[in-house]
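Engineer: Turn this into a structure:
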Amino acid sequence: MSGRPDVPGSAGEGAGAEPQTAQGDAGESTDAKLAELEDRWLRTAAELENVRKRIVKDTERSRAEERGRVTAAWLPVLDNLELALQHAGDDSGAVIAGVRAVRDQAVDVLARLGYTRHAESGVPFDPARHEAVATVERDDVAPGTVVEVLRPGYGEDSAQLRPAVVVVAKEAE
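Structural biologist: Now for the predicted structure:
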């Protein structure tokens, strides 16, 4: 032993080592807290983005469902116009022309809302687009062919308001 007291900065025991002070502990504590807060902020920002995306998706789904309900409400009106035109025959009076114009306008509105009309005969029966209510024996068309549309269908795939009600050809027995 040299008899000299160890003084910071001298060549003694504490040389080269930083003394532990309350300020050093506070710096480490502040860095840890800052890292924790940054992590929490990033997680909150990500959660907020997920919530925003979910709200957008839910809003789109709600709008599509509501559009379907509103459009479906138009179908009985369109059906009655169709019946009026069928019962009127070939009379080309002003009333018939007016009813036909209203029907065409209603069909156009449905199409603009995303529900196109399907009333094609001569096409293969498709259970996703057609509802068969009867079959008839026909030699002039292939079995499984739509031969008459009793009520048109509207829409496509998952946005289908209703299938077309049809009569389908079957093989003669």
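Engineer: so who does residue 103 touch?
Structural biologist: Residues near residue 103 by Cβ atoms under 8 Å, 6 or more residues apart in numbering: 78, 81-82, 85. Any C-beta I mention is one placed from the backbone N, CA and C, and that applies to glycine too.
Engineer: Show only the entries of those found in helices.
Structural biologist: Here DSSP state H is the test, and the contacts of residue 103 give 78, 81-82, 85 as lying in helices.
Engineer: Take those and lay them out in TSV including distance to residue 110 and neighbour count.
Structural biologist: Shown next, in TSV, are these (distance: Cβ to Cβ, whole Å; neighbours: other Cβ atoms under 10 Å):
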residue	distance to residue 110	neighbour count
78	7	19
81	12	19
82	13	17
85	16	14
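Engineer: from those residues, which is closest to residue 154?
Structural biologist: Proximity of these to residue 154 (Cβ to Cβ) peaks at residue 78, which lies at 8.5 Å.
Engineer: Excluding chain neighbours, what is closest to that closest one?
Structural biologist: Spatial nearest neighbour of residue 78, excluding adjacent residues (Cβ to Cβ, 6 or more residues apart in numbering): residue 106 at 4.9 Å.
Engineer: secondary structure element for the one you found?
Structural biologist: Using DSSP states H and E, residue 106 falls within helix 94-112.
Engineer: Ok, residue 132 next?
Structural biologist: Following DSSP H and E, one finds residue 132 within strand 130-137.
Engineer: Mind listing residues that contact that strand?
Structural biologist: With Cβ under 8 Å, 6+ apart as the test, strand 130-137 has contacts from 125, 146-147, 150, 153, 163-173.
Engineer: after that strand, next one along is what?
Structural biologist: Proceeding N to C from strand 130-137, the next assigned helix or strand is strand 146-151, under DSSP H and E.
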